[in-house]
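**Q** please find the sequence and the predicted model below.
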Amino acid sequence: MSASIEIPVMQARVPELRAKLPPRIAAGSRLHGLEPGELVKLHHSLAEALDADHGVIAQFVAPEPDAAIEAVVYDLAYISAAWLDKRVLFVNGTGMRFDMKDPGRGRQEPTLTGQMHFGDIENTITRVVGLELYQMTFPTMRGALDLAPALRRMPEFLDRLREAFDLVVIASPPASQAPMGVLLSRFVDGNILVLEAGRTRAPVAADLRNSLSASGGAVVGAVLTRYRSHVPRFLRRWL
């Protein structure tokens, strides 16, 4: 599919893409501990593990907050589009919440069902200027009555994304705060744990892995963030 701001990214219901200037990843180490070279390796590892006829959808899930998941997933999307010439969609779901007790009264943000539908979500896709990199934010879900119909339509919605993009990467909210990552795990091609060096405990990581697997999701690997090596850079290649 040709790329132009005037041409919709989906087959229908996305009349226009709003371009925005791209945040650039910095050369060298970042606060989250993944350098550009490591991001390239991560892209190729995903491509090898999640081989598919159409686009691949990968979900990144952290067991606890503050694992730099949003930065890691965005930088992976940026590298895949800018360096590897892929058509990529970054889905920011870190703000997604689901409250069983919340009737939705008095809340102003858009929701996945009710006042916002999947077609409306597609209309929020924006394109980064000069790249085949697109961005989308998942809204909040409200209550059990909203959740069931949304999940029933999720496979169709994700299939539309597969047809439109080479790679879709989803940054999900931490599992300790919202169950969305576990609920979505069976609909994506692969799930990646995002663990924070020196902070995420092994039993916590194992519990999340088991929850994703029990929900029917395929866990294909893990990313360690905020890792700091004390080995000099020029010696690392010998290790």
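**A** Noted; the coordinates are in hand.

**Q** what comes up buried for stretch 35-48?
**A** 35-36, 38-39, 42-43, 46-47 (16 or more other C-beta atoms under 10 Å). To be clear about C-beta, it is placed using only N, CA and C from the backbone, and glycine gets the same treatment.

**Q** swap in stretch 122-135?
**A** When neighbours are counted by 16+ other C-beta under 10 Å, the buried residues of stretch 122-135 are found to be 122-123, 125-128, 131-135.

**Q** I'd like the mean pLDDT over the helix ranked longest in the chain, please.
**A** Longest helix of the chain, by residue count under DSSP state H: helix 143-164. Averaging pLDDT along helix 143-164 gives 79.

**Q** and that helix, what does it pack against?
**A** When contacts are defined as 3 or more C-beta pairs under 8 Å, 6 or more residues apart in numbering; DSSP states H and E, helix 143-164 packs onto strand 56-61, strand 98-99, helix 118-122, strand 167-171, helix 180-184.

**Q** let's have those in JSON lines, adding mean pLDDT.
**A** Below are those laid out as JSON lines (pLDDT from 0 to 100):
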{"stretch": "strand 56-61", "mean pLDDT": "96"}
{"stretch": "strand 98-99", "mean pLDDT": "58"}
{"stretch": "helix 118-122", "mean pLDDT": "66"}
{"stretch": "strand 167-171", "mean pLDDT": "96"}
{"stretch": "helix 180-184", "mean pLDDT": "91"}
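
**Q** of all the ones you listed, which one comes closest to Asp159?
**A** Closest approach to Asp159 among the helices and strands packed on helix 143-164 is made by strand 56-61 (9.4 Å; C-beta to C-beta).

**Q** which outside residues touch whatever helix or strand comes next after the closest one?
**A** Using DSSP states H and E, the helix or strand that directly follows strand 56-61 along the chain is helix 69-82. The contact list for helix 69-82 (C-beta atoms under 8 Å, 6 or more residues apart in numbering) reads 22-25, 30-32, 34, 36, 39-40, 42-43, 60-62, 86-90, 92, 94, 128, 131-133, 166-167, 169-172, 174, 194, 223, 225.

**Q** picking up where we left off before, which one of the helices and strands packed on helix 143-164 lies nearest to Gly198?
**A** Between the helices and strands packed on helix 143-164, strand 56-61 lies closest to Gly198; by C-beta to C-beta that is 19.3 Å.
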